[in-house]
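**Q** predicted model follows, preceded by the sequence.
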2 protein chains.
Amino acid sequence: MISQDICPAEPWAVRETRLDTSLLAQTESVLALANGYLGMRGNLDEGEPHGIAGTYLNSFYEDRPLPYPEGGFGYPEQGQTVVNVTDGKLIRLMVDDEQFNVGSGVLHSHERVLDLRAGMLRRNVDWESPAGRRVRITSRRLVSFTQRAVAAICYEVEAVDRQVRITVQSGLAANEEQAKVSDDPRVAAALKNPLIAVEQDREQHGAVLLHRTRSSGLLLAAGMDHVIDCPSGYQEETDVRPDWARTTVVTLLPPGGRLRIIKFLGYGWSTSRSTEALRDQVAASLNTARYAGWDGLVAEQREYLDDFWDAADVEIEGDPTLQQAVRFGLFHVLQAGARAEGRPIPGKGLTGPGYDGHAFWDTEGFVLPLLMYTAPRAAADALRWRHSILPHARDRAATLGLSGAAYPWRTIGGAECSAYWPAGTAALHLNAVVARAVEEYRLITGTELDFGPEILVETARLWASHGHHDASGAWHVDGVTGPDEYSAVADDNVFTNLMAARNMRAAADACTRDPSLAERLGVAPDEPEAWLAAANAVHIPYDERLGVHPQSEGFTRYAPWHFPESGSHEPLMMQAPYFQLYRRQVCKQADLVLAMHWCGGDFTPEQKARNVDYYERITVRDSSLSACTQAVMCADVGHLELAHDYAWEAAVVDLRDLHGNTRDGLHIASLAGAWSAIVEGFGGLRSHSSVPDLAPRLPSGITRLRFNLRHSGVRLLVEADHTTARVSLRDGEGATLPILLYGEEVEVTAEKPVTRPVVPLEPLLPPPQQPPGYAPRPSGQS
Amino acid sequence: MISQDICPAEPWAVRETRLDTSLLAQTESVLALANGYLGMRGNLDEGEPHGIAGTYLNSFYEDRPLPYPEGGFGYPEQGQTVVNVTDGKLIRLMVDDEQFNVGSGVLHSHERVLDLRAGMLRRNVDWESPAGRRVRITSRRLVSFTQRAVAAICYEVEAVDRQVRITVQSGLAANEEQAKVSDDPRVAAALKNPLIAVEQDREQHGAVLLHRTRSSGLLLAAGMDHVIDCPSGYQEETDVRPDWARTTVVTLLPPGGRLRIIKFLGYGWSTSRSTEALRDQVAASLNTARYAGWDGLVAEQREYLDDFWDAADVEIEGDPTLQQAVRFGLFHVLQAGARAEGRPIPGKGLTGPGYDGHAFWDTEGFVLPLLMYTAPRAAADALRWRHSILPHARDRAATLGLSGAAYPWRTIGGAECSAYWPAGTAALHLNAVVARAVEEYRLITGTELDFGPEILVETARLWASHGHHDASGAWHVDGVTGPDEYSAVADDNVFTNLMAARNMRAAADACTRDPSLAERLGVAPDEPEAWLAAANAVHIPYDERLGVHPQSEGFTRYAPWHFPESGSHEPLMMQAPYFQLYRRQVCKQADLVLAMHWCGGDFTPEQKARNVDYYERITVRDSSLSACTQAVMCADVGHLELAHDYAWEAAVVDLRDLHGNTRDGLHIASLAGAWSAIVEGFGGLRSHSSVPDLAPRLPSGITRLRFNLRHSGVRLLVEADHTTARVSLRDGEGATLPILLYGEEVEVTAEKPVTRPVVPLEPLLPPPQQPPGYAPRPSGQS
């Protein structure tokens, strides 16, 4: 685990104060740079040692077969795995006759800083070679938010006290050796040499390499260009081979002399374009970057991020770790989605090969709400991707014998890649979660996505064809898997049923809002009627005896899970078969509790309190998607201290590697969930209508909270301490926004902030216990 | 499909009157010979053409990996596949300079007869070579019931009208080429060259080849020896290579002259013995066979079968097809189990590679009851195999986090080989079915198996650890799959719950019967109490509104299956995903109806009538295990004509290739089920106590039924027509047997048969409909 002594709690940076090579794989994820199009793990410039070398282009994947020992109808035959593309980060250094390597010689100091405002990874090294030659190396790396195909590195070497011969090799490398990362079935299968060389082009100060993937046939171009500055003179040459290119700079540095190399990187890929077109595109990217220059790229990056933080920042007083973590999370969520532009936001963003690089429901469920409130254009782009894969989703629904569209549980390109249907196909709720995101986008931004209603209608059709009315008229959804993956193939999962009902209502509403829609999408007159009839008759199981909702039919009747007094905290799915897990009262993650967060209006405050109490006792949080939801709902029912602990857990999931797999990439949805824990948990924000609903209430460990939101085209600032809450508009005159503050309808204008005393909430029940050994760590405990 | 014009309904034989090479694969299964230890498909002597070449030794398997695209805890990593062992059936013939082949020249006649009394496959061929040389070939093949390692072939060639040169090559061939048989996931994966040559030995008139399997490391020896008779003289030589051996006989036959070759085959295999020991064992088998000679083997075979038929035969008047089919079934069931002696009886017997050669619950559920009543020693042997794999089953239970023993869903050697847990691990009922077989053996034979109680106790422990009492005390079994594989991972499956309760009661009873048992098996004093408490509190769901039992909790509330008006009769699992099938009211096979057959005392006659009516309408019989149960229960509630149709369907499953996969081997359990349909359906036999319960009632198409049974060491004959039923004992003076006849307790003695008028049964409801297109064919329709 990365501990606080290596990584202190700074408000705007993640600083690694010394290098621990055993943590390399984790820090590569934590220090990754990306813009949603291009991602680079925080590998050391010199490439080795590394945990996992990684450079990713959104949606650039290779096929892989999915062999089943016992197949079945509708099982996907082919999976997709994100490819480690040509590595352009490489800069190797030779000092006199010795290769710079953090493991040899004397590392006098080694610091890496991820600067959240600059959008840059800085590295400062003071190294003495085994032969006693001392150099200072500084590198700065950025993946540009403003030039999405571009990354750049500013690499400097300084001779400290003696004259040294310096050789720098700046490279491109395709088909890097990949270690098998884990036996965990969830971790991506390693792919060996997926890239076939197509063409190479040597430029004046660099090269472009073109490759094609073996099976998926995607074309890739990666190029580098250099600007070299060395007052003492240097020699430069470039070698090119099918799988690598190398620009070598040799110089003799006097004591205090410096060599500075700016390396520009350009990437491009295509399913259909010609090698010539792609080669030219990458060359153009390199030219544009060179034209901007290093300083220009740095300035653009800062400007982009200033604009983001201006309407996204969350300030937390009293808990510096959480302050750091929530900004770290916001930054990485932005990096995952900023320039995806019609491509998915994968579960790990572009920070690692985990989950094969697939996108899941996490994106719409946890990531997009944050983006809608802070970078709505990126949220719209992500939903545009969902729209673009409707043809795949329609095919999938047809395969399943259903109408409308069935979105893939996990995918890169749109085809279902889930090879275990009980936790894939059966998790039909994903479709309602996509629909919810479409609907929330409209409520939060005040703008209807032109393609939104089509998604609503197609997913509503799916529900109408899968659900059914029983003899008494009640509408059921059977044999599905809710969010809790330890209770698969269940009937009338409350979350699923409520979300499906909401999905169908939203579709019917969309048809009412725009009657032309029905014609355009071929909606028969009786379809919206059927959707509303189903939504109004939806069956929500309730256990009268216990006074709680079973998360699905019969759940509260199942046997308890026997938690050992002490034991491994490996995920239960690594310790017990699904056969045992699925029909025991144990939850991998919030399920019914998530239903109460997202469909809060369907529960009374007392039901919420009782349900939270019940499910806290049986939820093990083996999914990183759980803590944030538990934080929000614990806050909702008045357990603010527990909520704080969960918010902390969600926020530091990767900074503290709580799930032991940060090496494979960051938990983007958990990071977004940390924002949700604070803004929706302590800020009380809910998005059930176009009127934002706020009710700030802080735990004792947070003395003051300020957060910014975008809503309906204006910027909003919410501030609260333990006594007073204040909401103000930050945009020009005349702007007004109706809000709910502690349930009171008020209008906020640019001129007149609204201030109210905090309305305290007395919890109905005492704080609940978690299963033995599963209590969250007290917040701030490093 | 094999039609009646090729295969007429003869009472004691299956006669193929002409050769249709498109049916070769099917007829190879139908005409297979086996004794439970050694099995040979009905391949043509000359080896080609063939559908699937096959020679099998019970439990001789090769490992194969089970690769999962998404693995899970407790998934078996390795499967087992039956191996086509060294083929000793081969006898190739050259007539002058042309190879005998059924596809060349003129086939004047070709007849094959499986003689059910002789236990022999006869073949008569009248062939004219392309050059006009005419020969008559007769071959007779047997796999000995009395010398289990031995098979023998009597091969004769006669020159018809001209002098011909004859060359006969009698061979052994290892690693025969195997075609991939099907894409159907249920069909065995083809294994390529699994045998590695170890040693070869040339004998005076034959050879022995030793091989070892590549991964499982099993040692195999196959030997041949010959006795040649040719009045006109001949030359003989034997060649041996690592993968083949060949004894060649050359002669010149005058018109009317004959060459006769007796080929003796000996087989042996071992997990642990030395090559020397195994080689000697096979040589000894060959010597013993040669000592008996062909005529001796034929006579022993006849004697063995006479004894079997004497106490097993079923005579049906009025339906010659059913008469043939039920004897065909009895014969093949005997062949599957007669000499298995501590090895399993696979789902396909030793007739083909289907299901990878695995044994399932079919054996205990459907095959062993027949054997207990006709060849009880074979039934005891099969249960001895179950006992021998208890260590595997205990390991499996521990992996699943359960106590006691969890038997594998499918296996050869005892390890779980099922790679899809919802239709494997979750089908926990298998354990109760094994326990039922142990208990029925005691009731039917009057003898307790010495190892029986251990099985009862270990399976009871499994149930006690998996089930649980709810807050009101009711005992539940959740998340299991009953017999109906279209409704997996369900709660409180009625069949499973009733069978589990019965399993636990039987274990408690065994501990009461023999108090020393508790000590020997380490049964704690509170264990039997807990078993009885669970059994007494077992929850059996019942739908008051419909007046039927849902086959599992909630089943009758699920959506109906939408049957197309017309459409493919491919199994639904080939047309729809499990995701759809599992929570629809559609049954692959009898499930609740099987519960009513095996646990009849737990249902009232009215419940039975209503349940049969309900489930008939939704059962598609995609499993060959269904028709027999439907036959029994349709007869039970008075739908005798429908029962007759189902009995016919079960009986001709392979003679008419009703499931389209007879090529991969016979459906041994369905064949046994046909016996059950007749004896338990029309004979009304039930085995719920040590007193056989009989109630013969015949459908209109059967004018008279006679069947033999062994019970408590005596032989029983039951005869019935439409007016009178008669039960007699066939064993010596003084023997008496209490029976129930139409519910009346009577004593049958050897001296005094019991005769009663048939008690008619008025059905409560009219005959039910099946789903559109799924009505059984009227019996006798070929």
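**A** Yep, that arrived.
**Q** which strands and helices lie in contact with the lengthiest strand in chain A?
**A** Assignment by DSSP state E gives strand A:258-270 as the longest strand of chain A. With contacts taken as 3 or more Cβ pairs under 8 Å, 6 or more residues apart in numbering or on different chains; DSSP states H and E, strand A:258-270 sits against strand A:150-159, strand A:164-173, strand A:219-229, strand A:244-253, helix A:275-310. (C-beta placed from N, C-alpha, C; glycine too.)
**Q** distance of the residue positioned nearest the centre of chain A from A:Gln589?
**A** Geometric centre of chain A, nearest residue: A:Ile668, 2.5 Å, by Cα atoms, centre = their mean. As for A:Ile668, its distance to A:Gln589 is 16 Å (criterion: Cβ to Cβ, to the nearest Å).
**Q** same deal with A:Thr238?
**A** Applying Cβ to Cβ to A:Thr238 and A:Gln589 gives a distance of 51 Å.
**Q** more crowded one of those two?
**A** A:Gln589 (22 against 17; other Cβ atoms under 10 Å in any protein chain shown).
**Q** so what's whatever residue of the stretch 551-700 of chain A ends up closest to chain B up against?
**A** The minimum distance from the stretch 551-700 of chain A to chain B, using Cβ to the nearest Cβ, falls at A:Arg583 (3.2 Å). Shown in contact with A:Arg583 (Cβ atoms under 8 Å, 6 or more residues apart in numbering or on different chains): A:Ser487, A:Tyr558, A:Ala559, B:Asp478, B:Gly479, B:Val489, B:Asp491.
**Q** quick check: mean pLDDT of stretch A:552-560?
**A** Across stretch A:552-560, pLDDT averages out at 98.
**Q** neighbouring strands - and their directions - for the host helix or strand of A:Arg112?
**A** Per DSSP states H and E: A:Arg112 is located in strand A:106-115. Here strand A:106-115 has these sheet partners by DSSP bridges: strand A:13-16 (antiparallel), strand A:120-128 (antiparallel).
**Q** extract the CA atoms of it and return them as PDB.
**A** Taking C-alpha atoms only, strand A:106-115 is exported to PDB below (Å, rounded to 0.1, in the frame of the first residue of the first chain):
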ATOM      1  CA  VAL A 106      23.200   6.000  -5.800                       C
ATOM      2  CA  LEU A 107      19.800   7.500  -6.000                       C
ATOM      3  CA  HIS A 108      20.400  10.700  -3.900                       C
ATOM      4  CA  SER A 109      16.800  11.800  -4.400                       C
ATOM      5  CA  HIS A 110      13.900  10.800  -6.500                       C
ATOM      6  CA  GLU A 111      10.600  12.700  -6.600                       C
ATOM      7  CA  ARG A 112       7.600  12.400  -8.800                       C
ATOM      8  CA  VAL A 113       4.700  14.900  -8.600                       C
ATOM      9  CA  LEU A 114       1.400  14.700 -10.300                       C
ATOM     10  CA  ASP A 115       0.300  18.300 -10.500                       C
END
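**Q** show me where the stretch 601-750 of chain A has its helices.
**A** A:605-616, A:626-636, A:640-651, A:668-676 (DSSP state H, counting those that start in this stretch).
**Q** chain center to the second one, what's the gap?
**A** Between the mean C-alpha point of helix A:626-636 and the mean C-alpha point of its chain there is a distance of 19 Å (Cα atoms, centre = their mean, to the nearest Å).
**Q** what strands flank the longest strand of chain A, and is each parallel or antiparallel?
**A** Assessed with DSSP bridges, strand A:258-270 is paired to strand A:150-159 (antiparallel), strand A:219-229 (antiparallel).
**Q** just for chain A, where's the confidence low?
**A** Applying pLDDT under 70 to chain A flags the ranges A:1-2, A:179-191, A:567-568, A:780-782.
**Q** endpoints of stretch A:5-16, how far apart?
**A** 9 Å (Cα to Cα, to the nearest Å).
**Q** give the buried residues for it.
**A** Neighbour counts using 16 or more other Cβ atoms under 10 Å in any protein chain shown place A:Cys7, A:Pro8, A:Ala9, A:Trp12, A:Ala13, A:Val14, A:Arg15, A:Glu16 of stretch A:5-16 among the buried residues.
**Q** which non-adjacent residue is nearest the residue of the stretch 551-700 of chain A closest to chain B?
**A** B:Gly479 (3.2 Å; Cβ to Cβ, 6 or more residues apart in numbering or on different chains).
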